[in-house]
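[1] Structure for this input, please:
(one chain, ligands or ions: 1)
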Amino acid sequence: MKTVQAYRFALDLTPAQERALLGHAGAARKAYNWALARVKAVMDQRAAERTYGIADELLTPSLSWSLPALRRVWNTAKPEVAPWWAGYSKEAYNTGLDSLARALKNWSDSRTGKRAGRKAGFPRFKGKHRTTPSVRFTTGTIRVEPDRKHVVLPRLGRLKLHESARKLARRLDAGTARIMSATVRRAGGRWHVAFCVEVDRAARTPARPDSVVGVDVGIKALAVLSTGEIVANPRHLNAAQRQLRALGRSLSRKVGPDRRTGRDASKRWQRASKRLSRAHARVANLRRDGLHKLTTRLAREHGTIVVEDLNVTGMLANRRLARHIADAGFAEIRRQLAYKTSWNGGRLLTAGRWYPSSKTCSGCGAVKTKLALSEREYECQTCGLTLDRDLNAARNLAALAAEITTAGSGPVAGRGADHKTRHGGPVAVKRQPGTASAGQTGTVPPQGGTTQRVLTKAH
Ligand SMILES: [Zn+2]
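    Sure thing, here's the model as predicted:
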């Protein structure tokens, strides 16, 4: 199985190497900003000409937004725009132009409705202090040195790694991996190199192919499994978050930069700001580590994993929940499980967005109308079952998978959990008033594909 994945390593750079990288990142920004200005100028010119009533074919020719076209325009202009251009790799300019081409495409696709999700705005200019320095190499010598402690990149030469690249090197030596590109960027005060690698993976099967596990991504814990296991947050995460808040407060008390008055940041502010960004990086690292360990373990062990489909964008708008949800990384867990189950020969099922996994009783199938987020215990009024709220949800998710499997039409049946899928049949009838069993009055009629199951169980 061929997959594309990233291998990311921290770098230990010399000051000269760091300067060279910042130079490359600056060159990328220069190409981006120049080309964006060019695109804007042409667009404005055409708009103005249209208002004079000039025929479409006589307008200033439009500028193509494709990467090759942008590169051609840049290459003819660079001796004038950036006389220093030869000092940096051509890949630097390519990095900037490529990100502009993508941004323009996203914007136009979003406008015409070709792109789903949140509206993408028109690209903005990149400021020196607001941009993450980054440069991507796609051609030339990119390799890991035999000592596995150094990498070689075009123009930059030999860079020391902070950690061993043995995992990647082993694959390269065995011929099961091919490096497609390398991106160097700075995050949280530390430089990293990320190799985009095409990997030939051996087919695998999960340790327990028939096992089904429901995963409820928790707020207090990292996750609750239908097996009853509570996966706690990574150690030190809470402490790191406390430190993060303290550093944020400390920064706010110092004299920061002010654009309006042109005031520069104080040395203390700069130091505090550096400390804060390192703390941010540490929290992110701890969280990512915890998520990876969890998802790897689940994907290696279970044949089927069921998760909820949460409207993360909608939930992030809720300020109080926002931090928790961002922390727990709902979307990230789902993303990791999706590719890790495919690597391990398992499958990932997603319950429909409207499936009431928290409100349904995992014992008898009764559905509650309301369940406040503060209610940590699920108490069923119909059968009297009392258990942890998240465990109840996880069990419902697991049961959903069993249902799909017995309904039995392979992976397509997975879509049975999707709210878009309509099920026919006599059971999927909307419940009439008065027909509800005791204690069930006013329950929400479950929607979509899950209707069948919940209704059958409720009667
Ligand atoms: Zn019940």
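[2] CA atoms for contacts and neighbours, from now on please.
    OK.
[3] which residues in this structure form helices?
    15-51, 67-81, 90-112, 166-174, 237-252, 267-301, 312-316, 319-328, 330-344, 389-407, 451-458 (DSSP state H).
[4] Could I get those helices in a markdown table, plus columns for mean pLDDT, distance to the ion and mean neighbour count?
    What follows is the helices of the chain, written out as a markdown table (pLDDT from 0 to 100; distance: least, CA to the ion, whole Å; neighbours: other CA atoms under 10 Å):
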| stretch | mean pLDDT | distance to the ion | mean neighbour count |
| --- | --- | --- | --- |
| helix 15-51 | 93 | 59 | 18 |
| helix 67-81 | 93 | 59 | 15 |
| helix 90-112 | 93 | 45 | 20 |
| helix 166-174 | 94 | 49 | 14 |
| helix 237-252 | 90 | 35 | 15 |
| helix 267-301 | 91 | 28 | 18 |
| helix 312-316 | 56 | 28 | 13 |
| helix 319-328 | 55 | 28 | 15 |
| helix 330-344 | 89 | 27 | 20 |
| helix 389-407 | 80 | 10 | 23 |
| helix 451-458 | 31 | 9 | 17 |
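[5] would you list the ones you listed in JSON lines and tack on distance to Arg204?
    Shown next, in JSON lines, are the helices of the chain (distance: least, CA to CA, whole Å):
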{"stretch": "helix 15-51", "distance to Arg204": "40"}
{"stretch": "helix 67-81", "distance to Arg204": "39"}
{"stretch": "helix 90-112", "distance to Arg204": "35"}
{"stretch": "helix 166-174", "distance to Arg204": "17"}
{"stretch": "helix 237-252", "distance to Arg204": "33"}
{"stretch": "helix 267-301", "distance to Arg204": "9"}
{"stretch": "helix 312-316", "distance to Arg204": "31"}
{"stretch": "helix 319-328", "distance to Arg204": "28"}
{"stretch": "helix 330-344", "distance to Arg204": "5"}
{"stretch": "helix 389-407", "distance to Arg204": "21"}
{"stretch": "helix 451-458", "distance to Arg204": "33"}
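[6] Tell me which of the ones you listed approaches Trp354 most closely.
    Taking CA to CA, helix 451-458 is the member of those nearest to Trp354, at 10.4 Å.
[7] Correct me if wrong: Arg136 contacts Glu91.
    Yes: counting by CA atoms under 8 Å, Arg136 touches Glu91, with 6.6 Å between them.
[8] quick one: contacts for the closest residue to Arg185 other than its chain neighbours?
    Among residues not flanking Arg185 along the chain, Ser134 sits closest, at 4.1 Å (CA to CA, 6 or more residues apart in numbering). Ser134 sits next to His24, Ala25, Thr183, Val184, Arg185, Arg186 when contact means CA atoms under 8 Å, 6 or more residues apart in numbering.
[9] In the stretch 101-250 of the chain, which residue sits closest to the ion?
    Of all residues in the stretch 101-250 of the chain, Ser226 sits closest to the ion, with a separation of 16.3 Å (CA to the ion).
[10] the strands in the stretch 101-250 of the chain, which residues?
    With DSSP state E, counting those that start in this stretch as the criterion, the stretch 101-250 of the chain has strands at 134-137, 143-144, 150-153, 157-161, 177-187, 190-200, 208-217, 223-225, 230-231.
[11] Pick the most deeply packed of the ones you listed.
    strand 223-225 (a mean of 25; mean count of other CA atoms under 10 Å).
[12] strands paired with it, and their directions?
    strand 208-217 (antiparallel), strand 230-231 (antiparallel) (DSSP bridges).
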